[in-house]
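S.K.: sequence first, predicted model second:
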Protein chains: 2
Amino acid sequence: MEKIDIYPFYVEPFHVDLSGRIFMGILGNHLLNAAGNHSQRRGWGIGALNENRHTWVLSRLCIEMEEMPLRYEHAEVKTWVEGVMKLFTSRNFAILRPDGTPYGYARSIWSMIDMETRKPCDLLSLYDGDIVNYVVEPEENICPIAGHGRFRFRNAELVRTIDTYYSDIDINGHVNSIKYIEHILDLFPIERFTRQGLRRFEIAYKAESYLGEPLSFYLQPVDENEFDVEVRKNDSETVCQAKICFK
Amino acid sequence: MEKIDIYPFYVEPFHVDLSGRIFMGILGNHLLNAAGNHSQRRGWGIGALNENRHTWVLSRLCIEMEEMPLRYEHAEVKTWVEGVMKLFTSRNFAILRPDGTPYGYARSIWSMIDMETRKPCDLLSLYDGDIVNYVVEPEENICPIAGHGRFRFRNAELVRTIDTYYSDIDINGHVNSIKYIEHILDLFPIERFTRQGLRRFEIAYKAESYLGEPLSFYLQPVDENEFDVEVRKNDSETVCQAKICFK
């Protein structure tokens, strides 16, 4: 089987923001679907894994876009495994126009956990390390964007606290990964998106949160167009951290 | 051209709730996409209309489901025009399994407005009344669910007020039709969805709301499993009304 998959998507009218560009959360969803399908097709997808009591956990995601696809545009997600370590695997993405030119790229890091113990599994031994067979050659790994950065929160300011509800919760009972992206971007004035647009979005998932746990959002400006956000539950434990770069 | 279209969809992992069933808002989005595509293909879609300064406005939507599609299931939306009056058209839907058996049905009512005057257009004369050519024969109009009901709010109680943000707003600058469905269902405890499930959801859109206008949600129980909700902006003007029936 090939190592790289391509999944087409279409920018639906309710999936675009006021500027007519796809919401970053919706784009993230397309990436996670592509990841899930690519993985599933090769036998280590979540569906198959559930039966064996293992599941993928998204640890980090960063998306950097030259341009966001517009309403009614057709696009595609190309995805592949960049590398595998004992406890983590890195998967990259290209978001392409039908003519093959890039809208942008994305990087992600995943671990696999035992659903009972919640502990990470050894990817190099699971399924006899089958995943290693799908790591692409270096020359195929075309993903010319910076890797995942580090976060340092020093003077972050509490800017919003929200309750979470039914529509935030996924099948596992956690606030879903995409909803964090929505809630984080909702901290910014809409003019940021209409006048500037997003250039890069980075998120590191640190802990799960559950229905009924209030989420607090701490904002730390880095410069005029770059912001770090830390999401905490119960006002103390870090749930996720994000970096938002406007153009 | 045929009068009835069929659009397939797939239940994505992030599109299901804690019970593993598709969110009603996501299903609603599939219906609206099917409506848009059906309409567009026949020359009176929103894309074409925008150029002529007309646009469709969704007035009512009701969805009644025997069963909600589950994660990873494939399904399809069948849609057609039931009837046309001067200022409104009714469009129905069937939500089907690949074997043709129904998950459920839906009804909707639309008007077309002039985007400049915001006034409704005469559907029987616009495009020489072309839409009338697509009204199905009565025997093809298989939609065995009750029509849109009436709302009477007498003792509704204010249960939540929310601010709206970037991700609530569509390309026209309005809170998007699907987001209302999400916010309304978020009023209910999650156990309603996991233990009972939704049977029927009805919504009547009355007025647009905009970023920065707080939305207040008034809840009125009808019986143990049926609830009416009125959404008001600025605590006075009615934005939409909904009926939620659990199994």
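M.R.: Structure received.
S.K.: hmm, residue A:210 is touching residue A:176, no?
M.R.: No: with contact defined as Cβ atoms under 8 Å, residue A:210 does not count as touching residue A:176 (11.6 Å). (Each C-beta comes from the backbone N, C-alpha and C, glycine too.)
S.K.: these two: which is more packed in?
M.R.: Ranked by neighbour count (other Cβ atoms under 10 Å in any protein chain shown), residue A:210 and residue A:176 place residue A:176 first, with 23 against 13.
S.K.: residues in contact with the more buried one?
M.R.: A:168-170, B:14 (Cβ atoms under 8 Å, 6 or more residues apart in numbering or on different chains).
S.K.: pop the domain breakdown of chain A in here.
M.R.: Chain A breaks down by automatic domain parsing into domains covering A:5-140, A:157-246.
S.K.: which of the contacts of residue A:176 sits closest to residue A:27?
M.R.: residue B:14 (12.5 Å; Cβ to Cβ).
S.K.: quick one: the closest one is in a helix?
M.R.: Yes: counting by DSSP: H, G, I helix; E, B strand; the rest coil, residue B:14 is found in a helix.
S.K.: now the phi/psi pair for the residue located most distally from the centre of chain A, please.
M.R.: Most distant from the centre of chain A: residue A:128, at 27.2 Å, with distances by Cα atoms, centre = their mean. Residue A:128 has phi and psi values of phi 50, psi 30 when expressed as degrees, to the nearest 10.
S.K.: buried stuff in the helix ranked longest in chain A?
M.R.: Secondary structure of chain A per DSSP state H: the longest helix is helix A:24-41. Across helix A:24-41, burial judged by 16 or more other Cβ atoms under 10 Å in any protein chain shown covers A:24-39.
S.K.: out of these, who's near chain B?
M.R.: The residues of the buried residues of helix A:24-41 that also fall near chain B, by Cβ under 8 Å from any Cβ of the partner chain, are A:25, A:29, A:32-33, A:36.
S.K.: neighbours of the nearest residue to residue A:194 once chain neighbours are set aside, how many?
M.R.: Distance criterion Cβ to Cβ, 6 or more residues apart in numbering or on different chains; nearest residue to residue A:194, sequence neighbours excluded, is residue A:19 at 4.6 Å. Other residues lying near residue A:19 total 16 when counted by other Cβ under 10 Å.
S.K.: so where does residue A:19 fall, helix or strand?
M.R.: Using DSSP states H and E, residue A:19 sits in no helix or strand.
S.K.: now the element after the helix or strand bottoming out on mean pLDDT in chain A, going C-ward?
M.R.: None of the helices or strands of chain A scores lower by mean pLDDT, DSSP states H and E than helix A:46-51, at a mean of 60. Once helix A:46-51 ends, the next helix or strand along the chain (criterion: DSSP H and E) is strand A:54-65.
S.K.: same for that following strand, what does it pack against?
M.R.: In terms of contacts (3 or more Cβ pairs under 8 Å, 6 or more residues apart in numbering or on different chains; DSSP states H and E), strand A:54-65 is packed against helix A:24-41, helix A:46-51, strand A:102-114, strand A:198-205.
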